[in-house]
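Peer 1: 3D, please:
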Amino acid sequence: MGSRQFIALIAAMMATNALAIDSMLPALPQIGEALGVGSPNQRQWILTAYLLGFGAAQLVYGSLADRFGRKPVLLVGLALYVLFATLCAFSTSFEMLLVARALCGVGAAATRVLSVSIVRDCYSGRQMAKVMSLSFIVFLAVPIIAPSVGQAIVLVAPWPWIFGVLAIFGLLVIAWTAIKLPETLHPQDRVPLEVKPVLAAFKACLTNRVAVGYTLASTLVLGGLFGFLNSAQQVFVDVLGAGKLFTVIFAGIAAGIAVSSLINSRIVGKLGMRLVSHVALCGYIAFAGVHALIALSGHESLWVFAFMQAGMMFCFGLTMSNFGALAMEPLGHLAGTAASVQGFITTIGGALFGFWIGQLFDGTVGPLTLGFTGSGLAGLIAVIITEKGRLFHAGPSAN
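Peer 2: This is a model prediction of the structure:
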């Protein structure tokens, strides 16, 4: 498989997750009304239940992938994704939907662990960061268009068809993977599925200074994004009065991440992952802090919110793709386990932090902007501790 098709397939794996999160944002009021959900904040569980299943299952997939190989484990996960996305479409109660969403996330977790593991099997260092950025360009087209797809679906069909589209997309990725993807795990890197080797692999992942530090930083920054996703429909429609412009403005904001990923793929080889990500994180904090001041002073508007959020997402894209590569870099020989441990921590931690931010929604954007600022500052503190106070440099840190 050529490099372009490889990048496109990795992006498609990642897109199964993005599509499962973003496509239903415009339909949350319809889903809540159909299933008897009284509180708008309670609807946020539709996103959080998926993220919790998605995060928890990653611990299992890493060890399985390091033992049995990437391809068979990936195909099993995709099959679960399709099965439970279909079950979501047939849910008759809010509780049934949440269980199906969590189990759909369990299946999708394979795409997160295996996409990172497969890239790490084939690339390392700055080249890995470049490939991940190029994959993100294709992958991030999904958050840009997914809400519009969800909006279009509910205009012509009942909301369950959103989950039907997820199942169809999952089937397409299964076929592509089965036909074109070779096994990328090197035979000498297979880890026996025994307690002692598995615990040793987990210990290695949890005691490496750089891996742990950048994983925690990613978790904190990601919490801000999940807080935004939890509250996006309420903020745009109920507070800012965007109405049908919600999906268009959301697409413009998401485009900021796509643009930054394209730029990152071109500059990271020259400047290095640390320099780019450290500068970008400071930019994220600056945008978030100014946005919080604007919101708290009562000068918030739809277009101010969109501009500030797009700037934050631009910095977020430069930060997260490099933080992920930095966390994986010291653990190439344990790529499957490392991806699962890091994915578990970032997703579960980010989902819970983001849910907490979302539940603070009080009819204004104040709690949300303060959440962005706090998550960015906490992430910066984690990076400073990891790098022992040395920021904006190109060289590696001590492990």
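Peer 1: which residue packs closest to Ser148, ignoring adjacent ones?
Peer 2: Nearest in space to Ser148, with sequence neighbours left out and distances taken as Cβ to Cβ, 6 or more residues apart in numbering, is Thr247 at 4.4 Å. To be clear about C-beta, it is placed using only N, CA and C from the backbone, and glycine gets the same treatment.
Peer 1: so where's the protein shaky on pLDDT?
Peer 2: Applying pLDDT under 70 to the chain flags residues 124-130, 132-141, 143, 193, 335-336, 394-399.
Peer 1: quick one, longest helix in it?
Peer 2: In the chain, with assignment by DSSP state H, the single longest helix is helix 94-122.
Peer 1: show me what it is packed up against.
Peer 2: In this structure, helix 94-122 packs against helix 3-22, helix 45-56, helix 58-68, helix 70-89, helix 125-139, helix 302-328, helix 335-359, with contacts taken as 3 or more Cβ pairs under 8 Å, 6 or more residues apart in numbering; DSSP states H and E.
Peer 1: is it true that Gly36 touches Met96?
Peer 2: No - applying Cβ atoms under 8 Å as the test, Gly36 and Met96 come out as separate, 11.9 Å apart.
Peer 1: of these two, which one has the most company?
Peer 2: Of the pair Gly36 and Met96, Met96 is the one with more neighbours under other Cβ atoms under 10 Å, namely 14 against 8.
Peer 1: in contact with the more buried one, which residues?
Peer 2: Contacts for Met96 (Cβ atoms under 8 Å, 6 or more residues apart in numbering) come out as none.
Peer 1: swap in 10 Å and give it another go.
Peer 2: Shown in contact with Met96 (Cβ atoms under 10 Å, 6 or more residues apart in numbering): 35, 87-88, 90.
Peer 1: measure Val259 to Phe314 for me?
Peer 2: From Val259 across to Phe314, the span is 6 Å (Cβ to Cβ, to the nearest Å).
Peer 1: if you count surrounding residues, which of these two has more?
Peer 2: The neighbour count for Val259 versus Phe314, taken as other Cβ under 10 Å, is higher for Phe314 (23 against 16).
Peer 1: now the more buried one: closest residue in space, sequence neighbours ignored.
Peer 2: For Phe314, the spatially nearest residue (Cβ to Cβ, 6+ apart) is Gly256, at 4.0 Å.
Peer 1: the one you found: how many residues sit nearby?
Peer 2: Neighbours of Gly256 (other Cβ under 10 Å): 21.
Peer 1: quick check: it touching Gly283?
Peer 2: No - counting by Cβ atoms under 10 Å, Gly256 sits too far from Gly283 to count as a contact (11.4 Å).
Peer 1: overlap in contacts of those two?
Peer 2: Shared contacts of Gly256 and Gly283, counting by Cβ under 10 Å, 6+ apart, come down to 311-312, 314-316.
Peer 1: of the residues you listed, buried ones?
Peer 2: 311-312, 314-316 (16 or more other Cβ atoms under 10 Å).
Peer 1: so who does the residue lying closest to Ser91 once chain neighbours are set aside touch?
Peer 2: Spatial nearest neighbour of Ser91, excluding adjacent residues (Cβ to Cβ, 6+ apart): Leu97 at 3.9 Å. By Cβ under 10 Å, 6+ apart, Leu97 lies in contact with 31, 34-35, 37, 45-46, 49, 87-91, 160, 163.
Peer 1: likewise Val99?
Peer 2: Val99 makes contacts with 49, 53, 84, 87-88, 91, 93, as judged by Cβ under 10 Å, 6+ apart.
Peer 1: quick check, nearest of those residues to Ser375?
Peer 2: For these, the minimum distance to Ser375 (Cβ to Cβ) is 21.3 Å, reached by Ala49.
Peer 1: what number of residues lie near the closest one?
Peer 2: By the criterion of other Cβ under 10 Å, Ala49 has 21 neighbours.
Peer 1: pull the contacting residues for it.
Peer 2: Contact analysis of Ala49 by Cβ under 10 Å, 6+ apart lists 97-105, 351, 355.
Peer 1: which single one of the shared contacts of Gly256 and Gly283 is nearest to His278?
Peer 2: Cys315 (11.1 Å).
Peer 1: I'd say that closest one and Leu380 touch.
Peer 2: No - here Cys315 lies out of contact with Leu380, judged by Cβ under 10 Å, at a distance of 11.9 Å.
Peer 1: what is in contact with those two at once?
Peer 2: 221, 281-282, 284-285.
Peer 1: ok, Ser321 to Ala382 distance?
Peer 2: Distance from Ser321 to Ala382, by Cβ to Cβ: 17 Å.
Peer 1: how about Ile294?
Peer 2: 27 Å.
Peer 1: cool, Thr184 as well?
Peer 2: For Thr184, the distance to Ala382 equals 31 Å [Cβ to Cβ].
Peer 1: which of these two has more neighbours?
Peer 2: Ala382 (22 against 19).
Peer 1: and the more buried one, helix, strand or coil?
Peer 2: Classification of Ala382 by DSSP: H, G, I helix; E, B strand; the rest coil places it in helix.
Peer 1: ok, now which ones touch it?
Peer 2: Neighbours of Ala382 in contact, by Cβ under 10 Å, 6+ apart: 212-221, 281, 323.
Peer 1: leaving aside the residues next to it on the chain, what's closest to it?
Peer 2: Leaving aside its sequence neighbours, Ala382 sits nearest to Ala217 (Cβ to Cβ, 6+ apart; 4.1 Å).
Peer 1: my read: that neighbour touches Gly350, true?
Peer 2: No - contact criterion Cβ under 10 Å: Ala217 and Gly350 do not qualify, at 11.3 Å.
Peer 1: so between those two, which is more surrounded?
Peer 2: Ala217 (28 against 23).
Peer 1: export the shared contacts of Gly256 and Gly283 to CSV and tack on distance to Gln234?
Peer 2: Output for the shared contacts of Gly256 and Gly283, formatted as CSV (distance: Cβ to Cβ, whole Å):
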residue, distance to Gln234
Gly311, 22
Met312, 18
Phe314, 24
Cys315, 24
Phe316, 21
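Peer 1: name the nearest of those residues relative to Phe392.
Peer 2: Distances from Phe392 to the shared contacts of Gly256 and Gly283, taken by Cβ to Cβ, are shortest for Cys315, at 14.7 Å.
Peer 1: relative to Phe287, how far out is that closest one?
Peer 2: 6 Å.
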